[in-house]
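**Student:** Just the structure for this:
(one chain, ligands or ions: 1)
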Amino acid sequence: MENLVIEGGLPLHGEICVSGSKNAALPILMASILLNEPTTFTNVPDLRDIHTTLKLLNILGCACSFQDGRVDVQPAALQSEAPYDLVKTMRASVLCLGPLLARLGVARVAMPGGCAIGARPVNLHLSALEKMGAEFELEEGYINGRCKGLHGAHIQFDFPTVGGTENLLMAACLAEGETILENVAREPEVSDLAAFLIRCGADIEGQGSSVIRVRGVSSLHGCEYAVMPDRIEAGTFLIAAGITDGELLLKNCPYNDMDAVLNKLREAGMDIRLTDSGVLARRGTDGLRGVDVSTRPHPGFPTDMQAQIMALLCLADGSSMIDETIFENRFMHVQELVRMGADIRLSGSTAMVRGVERLTGAPVMASDLRASASLVLAGLAARGKTTVQRIYHLDRGYEHMECKLRAVGARIRRVPADA
Ligand code: EPZ
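**Tutor:** Residues are numbered from 1 along each chain as shown. Take a look at the predicted model:
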């Protein structure tokens, strides 16, 4: 176990290069199960979840290698079981279900357990795949799926599930006939997956809208594909500029995929500009002010930015109401921020944040990926020393975060937990 130790209160200045998107790379790597030819991915971030995905692909028969952001996949004889020991460490492993059914007609995937932020069921994935001809049995903690070949269907999701959309998109590419997916997720990462699949020969229309149409093809070929930049990492670093009252220039920032975040940060008093050399972010001259935030499916404000903007609003002038509408338990960072002097009260799915003059450093505990990022941001702004414990959560989704922050002036270091 390791901790991050942060001496806060220093404005950050300089350039940060945004890495490839974790939430685009995970489904895109899983989609290599659909291919019967070698494929190369670039701009793949060096993250725990990426290495977990590569381990799973190797177990399933796709030989993978990772080198400096480049992943080469050599498909071989596929096998159909995703073991519990691996799936329990990363829920997104369930994204192999659709591709395995499409390629092999059989899949045995450990039920992805819940996690700190919620129960995270996969019922919408299963009921949609059943409409395409799959049959499932749940036994001994495993999802056992089989089909005599998937066929096209007209599917309406009860909720625009990101993973459910991605699983069905991948399954439909090799299904017999046409599939219409309605009320799908419109996240940019879904569109990036669709762009990769189209590059491999899939016949897909409508990605980014709420209806996607897929016409099945007999096979998909390999290609070389660069994963899109990570809009959540980018949003996190925009907030780092605002919360420390510094100025950061983000390179490779997916500006056009971030309207809801950019609009909300500007409403909260940040000055964010798109320049020829990147996205320039700093606190506006009038300082930070309280704003109301409600998380929504894309193009609304992303739930993956909720914990981070809460840290920023702890130091805003005035009050903010933050409503988490996507996950049932995504306020694990609140009590840790309160330990640092924040004034936050919870009522059901809403957090009422009252701005305070300053935060003070303290030992705090990370509980999930974005909560960890929130605590790092608060530590950067707090007076004194903050020790963020259990930062393996952070390593799941942020590539070398402390190195990037140190390069722009943060006093932050990784130490063994018992140091
Ligand atoms: C993806 O998770 C992301 N993960 C999450 O990012 C993100 O928070 C989430 O989408 C929402 O944007 C990846 O892309 C790897 P959902 P996913 O299916 O696919 C309920 C991060 O921090 N639901 O859209 O699991 C579910 O319980 C992670 O990077 C069902 O009820 O999200 C939740 O309340 C965290 N039944 C809501 O829908 C289902 O079958 C959204 O889930 C599926 C989902």
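**Student:** how close does the residue nearest to Asp292 when sequence neighbours are not counted sit to Val190?
**Tutor:** Distances taken as C-beta to C-beta, 6 or more residues apart in numbering put Met321 closest to Asp292, at 4.6 Å, once the chain neighbours are dropped. No exception for glycine: its C-beta is placed from N, CA and C like everyone else's. Using C-beta to C-beta, to the nearest Å, we find Met321 at a distance of 29 Å from Val190.
**Student:** more crowded one of those two?
**Tutor:** Counted by other C-beta atoms under 10 Å, Met321 and Val190 do not tie: Val190 has more neighbours, with 24 against 15.
**Student:** hang on, Ala172 in a helix?
**Tutor:** Yes - applying DSSP: H, G, I helix; E, B strand; the rest coil, one finds Ala172 inside a helix.
**Student:** Could you pull up the residues touching it?
**Tutor:** Met132, Leu150, Gly152, Thr179, Leu181, Val214, Gly216 (C-beta atoms under 8 Å, 6 or more residues apart in numbering).
**Student:** switch the cut-off to 7 Å
**Tutor:** Gly152, Thr179, Val214, Gly216 (C-beta atoms under 7 Å, 6 or more residues apart in numbering).
**Student:** With Ala307 instead?
**Tutor:** His333, Arg370, Ala371, Ala373, Ser374.
**Student:** Near the ligand, list only the ones from the residues you listed.
**Tutor:** Arg370 (C-beta under 6 Å from any ligand atom).
**Student:** and the helix or strand of the chain with the lowest mean pLDDT, is it in reach of the ligand?
**Tutor:** Of the helices and strands making up the chain, the lowest-confidence element is helix 84-87, at a mean of 89, by mean pLDDT, DSSP states H and E. No - for a cut-off given as C-beta under 6 Å from any ligand atom, helix 84-87 has no contacts with the ligand; the smallest distance is 13.0 Å.
**Student:** ok, which pair from the contacts of Ala307 is furthest apart?
**Tutor:** His333 and Ala373 (8.8 Å; C-beta to C-beta).
**Student:** Quick one: mean pLDDT for stretch 89-105?
**Tutor:** Stretch 89-105 comes out with an average pLDDT of 94.
**Student:** Stretch 187-204 now?
**Tutor:** The model assigns stretch 187-204 a mean pLDDT of 98.
**Student:** If we go by neighbour counts, what in it is buried?
**Tutor:** 187-198, 200, 202, 204 (16 or more other C-beta atoms under 10 Å).
**Student:** Return the subset of those lying in helices.
**Tutor:** Pro188, Glu189, Val190, Ser191, Asp192, Leu193, Ala194, Ala195, Phe196, Leu197, Ile198 (DSSP state H).
**Student:** With distance to Glu328 added, can I get the residues you listed in a markdown table?
**Tutor:** Putting those into a markdown table (distance: C-beta to C-beta, whole Å) gives the following:
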| residue | distance to Glu328 |
| --- | --- |
| Pro188 | 25 |
| Glu189 | 22 |
| Val190 | 23 |
| Ser191 | 27 |
| Asp192 | 27 |
| Leu193 | 26 |
| Ala194 | 29 |
| Ala195 | 32 |
| Phe196 | 31 |
| Leu197 | 32 |
| Ile198 | 35 |
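**Student:** Tell me the one of these nearest the ligand?
**Tutor:** Glu189 (6.1 Å; C-beta to the nearest ligand atom).
**Student:** contacting residues for the closest one?
**Tutor:** Glu189 sits in contact with Ser21, Asn23, Ala24, where contact means C-beta under 7 Å, 6+ apart.
**Student:** now do Leu104
**Tutor:** Neighbours of Leu104 in contact, by C-beta under 7 Å, 6+ apart: Leu78, Ser80.
**Student:** Quick check on Lys148: phi, psi?
**Tutor:** Main-chain torsions, Lys148, degrees, to the nearest 10: phi -90, psi 50.
**Student:** and it, how many neighbours?
**Tutor:** 9.
**Student:** From the ligand, how far off is it?
**Tutor:** 24 Å (C-beta to the nearest ligand atom, to the nearest Å).
**Student:** per-residue pLDDT, that residue?
**Tutor:** Value for Lys148, per-residue pLDDT: 94.
**Student:** Tell me where the stretch 301-419 of the chain has strands.
**Tutor:** 319-323, 343-347, 350-354, 363-365, 385-389, 411-416 (DSSP state E, counting those that start in this stretch).
**Student:** Make a markdown table out of those and add distance to Leu12 and mean pLDDT.
**Tutor:** Supplementary listing: the strands of the stretch 301-419 of the chain in a markdown table, determined by distance: least, C-beta to C-beta, whole Å; pLDDT from 0 to 100:
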| stretch | distance to Leu12 | mean pLDDT |
| --- | --- | --- |
| strand 319-323 | 22 | 98 |
| strand 343-347 | 24 | 98 |
| strand 350-354 | 22 | 98 |
| strand 363-365 | 20 | 98 |
| strand 385-389 | 15 | 98 |
| strand 411-416 | 10 | 97 |
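**Student:** Please work out which of the ones you listed is packed deepest.
**Tutor:** Mean neighbours per residue, mean count of other C-beta atoms under 10 Å, is largest over the strands of the stretch 301-419 of the chain for strand 385-389, with a mean of 22.
**Student:** Can I get the one helix or strand Asn144 maps to in CSV? Just the C-alpha atoms.
**Tutor:** In this assignment (DSSP states H and E), Asn144 forms part of strand 142-146. Output in CSV follows, covering the C-alpha atoms of strand 142-146 (Å, rounded to 0.1, in the frame of the first residue of the first chain):
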residue,chain,number,x,y,z
TYR,A,142,-20.9,-16.5,-12.7
ILE,A,143,-22.9,-15.3,-15.6
ASN,A,144,-23.2,-18.3,-18.0
GLY,A,145,-24.3,-17.1,-21.4
ARG,A,146,-24.8,-19.0,-24.6
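**Student:** How about the backbone phi and psi for whichever residue of the stretch 151-300 of the chain sits closest to the ligand?
**Tutor:** In the stretch 151-300 of the chain, the residue found nearest to the ligand is Gly163; the distance is 2.8 Å by C-beta to the nearest ligand atom. Torsion angles at Gly163 (phi, psi; degrees, to the nearest 10) stand at phi -70, psi -40.
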